[in-house]
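S.K.: fold the following, please.
(chains A and B)
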Number of protein chains: 2
Amino acid sequence: MDKTQKTYAIGVDLGGTNTVFGIVNAQGDIVAQNSIKTQAYSTAESFVEAGMACLRPLIDQVGGIDNIAGMGIGAPNANYYTGAIETAPNIAWAHERIVPLAQMFSTQLSTLSLQHGEAKPQTSTPFPVKMTNDANAAAMGEMAYGAARGMKNFIVITLGTGVGSGIVVNGQLVYGHDGFAGELGHVIMVRGKEGRLCGCGRTGCLETYCSATGVARTAREILTTSDRPSLLRNKPVDQIESLDVSIAASQDDEIANEIFQFTGKMLGEACADFTAFSSPEAFIFFGGLCKAGDLIMKPIEESYNNSVMPIFRGKAQFLISGLMNANAAVLGASALAWEE
Amino acid sequence: MDKTQKTYAIGVDLGGTNTVFGIVNAQGDIVAQNSIKTQAYSTAESFVEAGMACLRPLIDQVGGIDNIAGMGIGAPNANYYTGAIETAPNIAWAHERIVPLAQMFSTQLSTLSLQHGEAKPQTSTPFPVKMTNDANAAAMGEMAYGAARGMKNFIVITLGTGVGSGIVVNGQLVYGHDGFAGELGHVIMVRGKEGRLCGCGRTGCLETYCSATGVARTAREILTTSDRPSLLRNKPVDQIESLDVSIAASQDDEIANEIFQFTGKMLGEACADFTAFSSPEAFIFFGGLCKAGDLIMKPIEESYNNSVMPIFRGKAQFLISGLMNANAAVLGASALAWEE
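M.R.: Take a look at the predicted model:
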């Protein structure tokens, strides 16, 4: 099958609540889309069956499976090499087991291809399905349709509940020898006992400070250890979220600004270390926290240029994702299907 | 020119004192070798001229230039992309200027090829010459002939006067967008003012603690702030070198063992962060400090497995270079010539 003759790719965003199926053209437009509830199924088999029922009409809308180059899936705990979800704690049918989801969808889609293509000899090749984690899919999406078009060395950092990353070197995603590389949320920024406890079981990880959750944690720390006035005091301290900090900072609240300075300084210092590794052309930030715009991006870039080795100073770009308003996860996953 | 038909490669180790030219076969044996003094020339042109005079008889020994696939040079401040030495402070003819050394040698070797090959049409292609820094050349050498044969994701860490690194991802060296990636000696291990001052102008870099120089610095710090007995006190404190620490540790000296524990712990913690980046199959250590063997390697591996994210625990190998007793720099540089 010559992918260059295919016009569309399927992108799947498998999240904790919904699984979105989209058909994407080469320009990065989602031309058809539908979704199912991820958790409404007790087995992986019934999930795939429901997924196929959702997909079939979308495939028909673009003239059938022969127009589609392949399918990409972005999913938690996905291993690119094996095409399996490996013991994802938040998905009932993938909890404590290894689900070869790429293979399962490929089998179904190959059957579809065979039915449609009748006796064509090329349909004996399995329909290509690739899977990776959400942050890696985001990096593929930026490279295919977003802020990293034309770049060969860049790092996408997602600032959400956690801090995720997708690293591209020489135009290729970095998966490492085991498929789990690119966990930049878990480099240690505060060594020793004073580091914050992380969900990974260790202390001091970047993500405990610079995720949306980490920002809220910083806010609570400052508010409970001082009595300085702040707009953030209008809400019970245990209910403060990163969005509240963004809103307060945009109203020039001193403590909120301090929180963004602290967060940006640490992100900039972390990026300086990442540059010693792969010297990317750009750092691309994605996720809710980026909506704060310059309030977070300026401190990151300033801290980076103060921290990085002199030979790298001023070279890297600091960008906000080019896919923030689109369905980035579906686009990113679909980009996997265009890979060589 | 089809490289697969060529039997030999030229490897050049351009150091501060000597420049060694070697002819290497595909098995990694140096079959001919000679050297010139790096600093005996006032201009890059006269250096290249002397280099060619040194090289020509070696090339003749292996039956002429047509048997040679290409040349690789390992040199300080070398940029792989431009093939130039960029303002190397320790080389008189490259100080405060950019010397396109790969191009200069290529021109000379192409002429040789043309003379030898007479009217053969393929000789109009320039003779391939590539250049990179010492640590990257070491990584190429390990992949071609050393401890990393068959590996696609690994990191070489050189523990010498400084700490250098060569990172391989998906079978390719990581050069970054500007050619200067892989400076793992300059990730920050101690943040804030208490970090040691580094030659790069910043404080707290890995290299200030874990290079041979850093180990001697640690020894001096401990010896001058305590009066505990140690074999290391047999020498004036300002003359202690890392080799003295190795010798004392091998005689079970308490302070010397403590120094290796401290150094290994930090290297292990640094490697844990590197794994979050590229999840290599192996870390390969090179340089004088490795002669301490298990005294340094065991603390590194132990600290790594205590520090790394649970999903990576116990997966990476910790190896000593497979090229320690060979002329590793020449072999490493020659490996550049076999690259696709």
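S.K.: where does chain A dip in pLDDT?
M.R.: Applying pLDDT under 70 to chain A flags the ranges A:1-5, A:114-124, A:325-326, A:340.
S.K.: center of it, which residue is that?
M.R.: residue A:135 (2.5 Å; C-alpha atoms, centre = their mean).
S.K.: leaving aside the residues next to it on the chain, what's closest to that one?
M.R.: Spatial nearest neighbour of residue A:135, chain neighbours left out: residue A:164 (3.2 Å); criterion: C-beta to C-beta, 6 or more residues apart in numbering or on different chains. The C-beta positions use only the backbone N, C-alpha and C, and glycine is treated the same way.
S.K.: am I right that the one you found is in contact with residue A:134?
M.R.: Yes: in this structure, residue A:164 is within contact of residue A:134 by C-beta atoms under 8 Å, at 6.3 Å.
S.K.: name the nearest residue to residue A:134, sequence neighbours excluded.
M.R.: Once flanking residues are discounted, residue A:134 sits nearest to residue A:74: 4.9 Å by C-beta to C-beta, 6+ apart.
S.K.: over to that neighbour: give its phi and psi.
M.R.: Residue A:74 has phi and psi values of phi -100, psi 120 when expressed as degrees, to the nearest 10.
S.K.: next one: residue A:273
M.R.: phi -70, psi -40.
S.K.: quick revisit: and the residue nearest to residue A:134, how close does it get to residue A:131?
M.R.: For residue A:74, the distance to residue A:131 (C-beta to C-beta, to the nearest Å) stands at 8 Å.
S.K.: and if you look at residue A:219?
M.R.: 36 Å.
S.K.: near chain B, which residues of the stretch 201-340 of chain A are found?
M.R.: By C-beta under 8 Å from any C-beta of the partner chain, the part of the stretch 201-340 of chain A that sits against chain B consists of A:201-202, A:269, A:272-281, A:307, A:309-312, A:315.
S.K.: just the ones of those in strands?
M.R.: Helix and strand membership here follows DSSP state E; of these, not one is in strands.
S.K.: put the buried members of those into a PyMOL selection.
M.R.: To isolate in PyMOL the members of those that are buried, counting by 16 or more other C-beta atoms under 10 Å in any protein chain shown, one can use:
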select buried, chain A and resi 202+269+272+273+274+275+276+277+278+279+280+281+307+309+312+315
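S.K.: in helices, which of the residues of the stretch 201-340 of chain A next to chain B appear?
M.R.: A:269, A:272, A:273, A:274, A:275, A:276, A:277, A:278, A:307 (DSSP state H).
S.K.: so which residues of the stretch 51-200 of chain A form helices?
M.R.: A:101-117, A:134-145 (DSSP state H, counting those that start in this stretch).
S.K.: pick the most buried one from these.
M.R.: Scoring these by mean neighbour count under mean count of other C-beta atoms under 10 Å in any protein chain shown gives helix A:134-145 as the most buried, with a mean of 28.
S.K.: who's in contact with residue A:168?
M.R.: If you count contacts by C-beta atoms under 8 Å, 6 or more residues apart in numbering or on different chains, residue A:168 has them with A:139, A:143, A:148, A:151, A:152, A:153, A:154, A:155, A:156, A:174, A:280.
S.K.: let's see it at 7 Å
M.R.: With C-beta atoms under 7 Å, 6 or more residues apart in numbering or on different chains as the criterion, the residues that contact residue A:168 are A:139, A:143, A:153, A:154.
S.K.: got it, and residue A:142?
M.R.: A:148, A:156, A:284, A:321, A:322, A:323.
S.K.: picking up where we left off before, tell me how many other residues crowd the residue nearest to residue A:135.
M.R.: Using other C-beta atoms under 10 Å in any protein chain shown as the criterion, residue A:164 is surrounded by 26 other residues.
S.K.: wait, doesn't it sit right on residue A:158?
M.R.: Yes: judged on C-beta atoms under 7 Å, residue A:164 makes contact with residue A:158 at a distance of 4.1 Å.
S.K.: what do those two both touch?
M.R.: Common contact partners of residue A:164 and residue A:158 (C-beta under 7 Å, 6+ apart): residue A:135.
S.K.: quick one: the strands in the stretch 1-150 of chain A?
M.R.: A:8-14, A:18-25, A:30-37, A:68-74, A:78-79, A:84-86, A:98-99, A:129-132 (DSSP state E, counting those that start in this stretch).
S.K.: make a markdown table out of those strands and add distance to residue A:170.
M.R.: Formatted as a markdown table, the entries for those read as follows, by distance: least, C-beta to C-beta, whole Å:
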| stretch | distance to residue A:170 |
| --- | --- |
| strand A:8-14 | 23 |
| strand A:18-25 | 25 |
| strand A:30-37 | 29 |
| strand A:68-74 | 20 |
| strand A:78-79 | 21 |
| strand A:84-86 | 26 |
| strand A:98-99 | 30 |
| strand A:129-132 | 17 |
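S.K.: now the end-to-end length of stretch A:199-212.
M.R.: The first and last residues of stretch A:199-212 sit 14 Å apart, counting by C-alpha to C-alpha, to the nearest Å.
S.K.: likewise stretch A:60-80?
M.R.: Its first and final residues considered, stretch A:60-80 spans 28 Å by C-alpha to C-alpha.
S.K.: now do the buried residues in that stretch.
M.R.: Neighbour counts using 16+ other C-beta under 10 Å place A:62, A:65-66, A:68-80 of stretch A:60-80 among the buried residues.
S.K.: domain map for chain A?
M.R.: The record assigns chain A these domain ranges, following automatic domain parsing: A:3-141+A:328-338, A:150-320.
S.K.: quick check, nearest of the ones in helices among the residues of the stretch 201-340 of chain A next to chain B to residue B:210?
M.R.: For those, the residue nearest residue B:210 by C-beta to C-beta is residue A:276; the value is 14.2 Å.
S.K.: and for the residue lying closest to that closest one once chain neighbours are set aside, the neighbour number?
M.R.: On the basis of C-beta to C-beta, 6+ apart, the spatially nearest residue to residue A:276 that is not a chain neighbour turns out to be residue B:183, at 4.4 Å. In terms of burial, residue B:183 registers 27 neighbours under the definition other C-beta under 10 Å.
S.K.: so residue B:183 touches residue A:310, yeah?
M.R.: No: under the contact definition of C-beta under 7 Å, residue B:183 does not touch residue A:310, with a separation of 11.1 Å.
S.K.: for residue A:165, which residues are in contact?
M.R.: Contact analysis of residue A:165 by C-beta under 7 Å, 6+ apart lists A:135, A:155, A:156, A:157, A:182, A:183, A:184, A:185.
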